[in-house]
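Mind looking at a prediction? Sequence and model below.
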Amino acid sequence: MGMDDVNNNFVLNEAISKKIQKSLPFIIKSLQKTEFKYSGKSLVSFIPKSGYLINSILFSCKSGDPYSASILFRSLIEYSFRHLYIFVKALNDKNDDVGNTYYNSLKANEDLESVEKIINYKKIVYPEDIQWNRKGDHNNAIREIAKSFRIEKIFHYLINNNNNEGGEIVKRYKKEYLLERLIEYTNMSSSVHGGPSGELALYELQKDKSKLEVTLNKFANESFMLHKSIVETTYLFASLMDEEVTKYYDDISNSATAKNSVRPSEGVAEKGV
């Protein structure tokens, strides 16, 4: 079997990267003129972030390292969920609230959590120091709002709110696709935390060269597909606001796709959400 899919995805990723470099400035400029400034900014921000991940995933696959690839792929799944959530919710709500929440409440919650953890660590070492009161209605409200960006909350939202006019087949496809991704995400948590299940999975792959190659090719194909979907969905969002950038969306949409992969935008991130 070899590493044909891995090598092919290096080529595909380089090609789409060149297209992004040429067209993304126009997408950004267009989105800045819309009422979705925060949502547009957040969608765009996932393009370079997922781009860095796909580069590292492909290099991990090339070097025969499924352990690092699985950890990075798990993050890419979460990125794709958050990105799709912002896309769908902004269009469903017809306002910029979800983007505003992403950059304000979610950021505030991340800061709050960091401070709380550091204070708890310091409390063990320096118990005599005055402790900061982390309770209060404002902090509790921030925590509750930020929960909407947890992957399980996003899963529930997308299942219940994502363009269900397409009939039972489309609805079932969306549910099965999102469920499959969430199961993958959950199964890879052990590797992220250095647990025994991830260790065992790595050991089993190292014993079976054929299975290892299949796994590495799968990571390469699906990670490129997720990255391309993030780019494509961002460009679609911009094209829904400004027909002048539709040509850039069409160019990205018509780009070659990883072999045997299914694009989420064919059933999950559609026009008319």
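Great, that's in hand.

got the residue ranges for the helices in this structure?
4-31, 37-62, 66-93, 97-103, 105-125, 137-146, 151-161, 167-187, 189-192, 196-207, 209-241, 246-253 (DSSP state H).

so how many other residues sit close to Asn221?
The tally of other residues near Asn221 (other CB atoms under 10 Å) stands at 21. To be clear about C-beta, it is placed using only N, CA and C from the backbone, and glycine gets the same treatment.

Name all residues that make contact with Gln21.
Going by CB atoms under 8 Å, 6 or more residues apart in numbering, Gln21 touches no other residue.

Now do it, the pLDDT please.
Note on Gln21: pLDDT of 97.

Any figure for the gap between it and Asn9?
Between Gln21 and Asn9 the distance is 18 Å, computed by CB to CB, to the nearest Å.

Also Glu180?
Distance from Glu180 to Asn9, by CB to CB: 20 Å.

higher neighbour count, these two?
Set Glu180 next to Asn9 and count neighbours by other CB under 10 Å: Asn9 wins out with 29 against 10.

The more buried one and Leu202, how far apart?
22 Å.

next one: Leu112
35 Å.

swap in Ser210?
Ser210 is 16 Å from Leu202, by CB to CB.

Of these two, which one has the most company?
Leu202 (16 against 8).

What sits closest to the more buried one if chain neighbours are left out?
Tyr67 (5.0 Å; CB to CB, 6 or more residues apart in numbering).

I'd say the one you found and Gly198 touch.
Yes. Checked against CB atoms under 8 Å, the pair Tyr67 and Gly198 is within contact range at 7.1 Å.

tell me, what's touching the two both at once?
Ser191.

Give me the more crowded residue out of those two.
For Tyr67 versus Gly198, the count of surrounding residues by other CB under 10 Å is larger for Gly198: 19 against 15.

Pull the contacting residues for the residue nearest to the more buried one when sequence neighbours are not counted.
Ranked by CB to CB, 6+ apart and with sequence neighbours excluded, the top spatial neighbour of Gly198 is Ser191, at 3.2 Å. Listed by CB under 8 Å, 6+ apart, the contact set of Ser191 reads Tyr67, Ser70, Ile71, Arg74, Ser197, Gly198, Ala201, Leu202.

For Tyr121, state which of the residues you listed is nearest.
Within the contacts of Ser191, proximity to Tyr121 (CB to CB) peaks at Ile71, which comes in at 24.2 Å.

ok, now which ones touch that closest one?
Counting by CB under 8 Å, 6+ apart, Ile71 has contacts Met188, Ser191, Val192.

Tell me the predicted confidence for the second one.
Residue-level confidence at Ser191 comes out at 93, pLDDT.
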